[in-house]
Every structure is written in structure tokens, then in C-alpha cells.
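> sequence plus the predicted model coming up.
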Amino acid sequence: MSQDYSPPADEIGDMEIRKKLFELREEHRALDAAISALQENAPNDQISLSRLKRKKLQLKDKIAFFEDQLRPDIIA
């Protein structure tokens, strides 16, 4: 009789957060590459560059939010 391991709810939550962080970091890297390519190929397209940079900053904020979810609250 073997029982399947079922992680606690907080571990499941952490796994989901880590998965989301991985996805957001991948998207952030892809945007970084797109920004670099656009700067090389169309340096005068400031509107597109601004949009990509804004999206990259939004992703950075989301990443920071989810990283904070993984850190335990420490009462000083």
C-alpha cells in the first residue's frame, strides 16, 4: 500500500508562484531581446521602443510582487 504524496496547500501555492515567476522572467528576457533588436534595426521608432520598455517595467513590477509572495513576513 503506497500512498501518493500530496503537498500541503502552501507548497502548492509556492509551486504555482514559482511557475508564474519563471514565465514572467522568460517574457521579460524576450522583451529585452526585442528592445535590443528594435534599437539596432529601427532606432528612430521611439513609440514602439517606449511601449516595449513600459511593458518590460510592468513585468518587472509583477515579478517583484510574486517574489514578495514567496518571502515569509518577518516582523521586526
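Great, that's in hand.
> C-alpha from now on. contacts and neighbour counts both.
OK.
> so what's E67 up against?
For E67, the contacting residues are L21, by CA atoms under 8 Å, 6 or more residues apart in numbering.
> in terms of helices and strands, where is it?
Per DSSP states H and E: E67 is located in helix 46-70.
> pull out the buried residues from that helix.
49, 52-53, 56, 59, 62-63, 66 (16 or more other CA atoms under 10 Å).
> list the buried residues in the top helix by length along the chain.
Secondary structure assigned by DSSP state H gives helix 9-41 as the longest helix of the chain. Neighbour counts over helix 9-41 (16+ other CA under 10 Å) mark 17-18, 21, 24-25, 28, 31, 35, 38 as buried.
> got those residues as a markdown table, with pLDDT and distance to L70 columns?
A markdown table is the format used below for those (pLDDT from 0 to 100; distance: CA to CA, whole Å):
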| residue | pLDDT | distance to L70 |
| --- | --- | --- |
| I17 | 92 | 7 |
| R18 | 93 | 8 |
| L21 | 95 | 10 |
| L24 | 97 | 15 |
| R25 | 97 | 15 |
| H28 | 97 | 19 |
| L31 | 96 | 24 |
| I35 | 95 | 29 |
| L38 | 94 | 34 |
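> related to what we said a few turns ago, packing partners for the longest helix of the chain?
Here helix 9-41 touches helix 46-70, going by 3 or more CA pairs under 8 Å, 6 or more residues apart in numbering; DSSP states H and E.
> before we move on, the earlier item: where's the dip in pLDDT among the buried residues of helix 46-70?
Ranked by pLDDT, the buried residues of helix 46-70 bottom out at F66, which has 91.
> give the contact list for that residue.
Neighbouring residues of F66 by CA under 8 Å, 6+ apart: 17, 20-21.
> one more: R54?
Counting by CA under 8 Å, 6+ apart, R54 touches no other residue.
> where's it relative to L24, distance?
From R54 over to L24 the distance is 15 Å, taken as CA to CA, to the nearest Å.
> could you do D68 as well?
According to CA to CA, D68 stands 14 Å off from L24.
> cool, L57 as well?
Distance, L57 to L24, using CA to CA: 12 Å.
> about what we covered before: save the contacts of F66 as JSON lines, and put in distance to P72 too.
Below are those laid out as JSON lines (distance: CA to CA, whole Å):
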{"residue": "I17", "distance to P72": "14"}
{"residue": "K20", "distance to P72": "18"}
{"residue": "L21", "distance to P72": "17"}
